[in-house]
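J.: build me a model from this:
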Amino acid sequence: MIEQTRRAAGAAQAAGPAQAAGAAQAAGAAQASADPAESQAGGVAVALSRAADVPLRATELAAQTASLAAGLARGGNPALRGDAVCAALLAQAGGRAAGELVRINLAAAPGDQRHDQVARLLADLMRTVADVT
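T.: Residues are numbered from 1 along each chain as shown. This is a model prediction of the structure:
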């Protein structure tokens, strides 16, 4: 256990001051936990929480893309309306897929505010695309 603490401290120094506190806390928590399964479960929960950040950002970008495409479908070149609608539909599909990854990754954290955030994003995305299809 002491060797793990040393490794974590060395990693914290290499990672820089911003990450040092987090690495030190993780090392302390691992040392304090008498139950290795509990410690491992906590690590998995943290990893899943972090894993939700990328698809959440993808959902945000999909909503923005669909909004831009819908604007072009409504007010752009009429000859290109089909392309704009197609872009909005593709953004919708990508956003829905990414939103589902957020939900899966946060399944063990039902109180996480990102559930509400992704739900709002997806509702907006669906309305935006419905307006032009």
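J.: what's the burial count for residue 47?
T.: 10 (other CB atoms under 10 Å). Using the backbone N, CA and C atoms, a C-beta is placed for each residue, glycine as well.
J.: and the gap between it and residue 56?
T.: With distances taken as CB to CB, to the nearest Å, residue 47 is found 15 Å from residue 56.
J.: residue 106 now?
T.: Residue 106 is 9 Å from residue 56, by CB to CB.
J.: spit out the residues that contact those two alike.
T.: Taking CB atoms under 8 Å, 6 or more residues apart in numbering as the criterion, residue 106 and residue 56 both touch residue 114.
J.: show me where the chain has its strands.
T.: Counting by DSSP state E, the chain forms no strands at all.
J.: domain ranges for it?
T.: 2-50, 51-130 (automatic domain parsing).
J.: how long is the last one end to end?
T.: This means domain 51-130. 30 Å (CA to CA, to the nearest Å).
J.: and it, average pLDDT?
T.: Taken as a whole, domain 51-130 has an average pLDDT of 97.
J.: quick check: residue 65 touching residue 93?
T.: No: here residue 65 lies out of contact with residue 93, judged by CB atoms under 8 Å, at a distance of 11.1 Å.
J.: neighbours around the closest residue to residue 112 other than its chain neighbours, how many?
T.: Spatially, and ignoring its direct neighbours in sequence, residue 112 is nearest to residue 106 (4.9 Å; CB to CB, 6 or more residues apart in numbering). Look at residue 106: counted by other CB under 10 Å, it has 21 neighbours.
J.: distance of residue 106 from residue 53?
T.: According to CB to CB, residue 106 and residue 53 sit 10 Å apart.
J.: longest helix anywhere in the protein?
T.: Longest helix in the chain by number of residues (criterion: DSSP state H): helix 81-105.
J.: who's in contact with it?
T.: 48-49, 51-52, 55-56, 58-59, 62-63, 65-66, 69-70, 72-73, 76, 114-115, 118, 121-122, 125-126, 128-129, 132-133.
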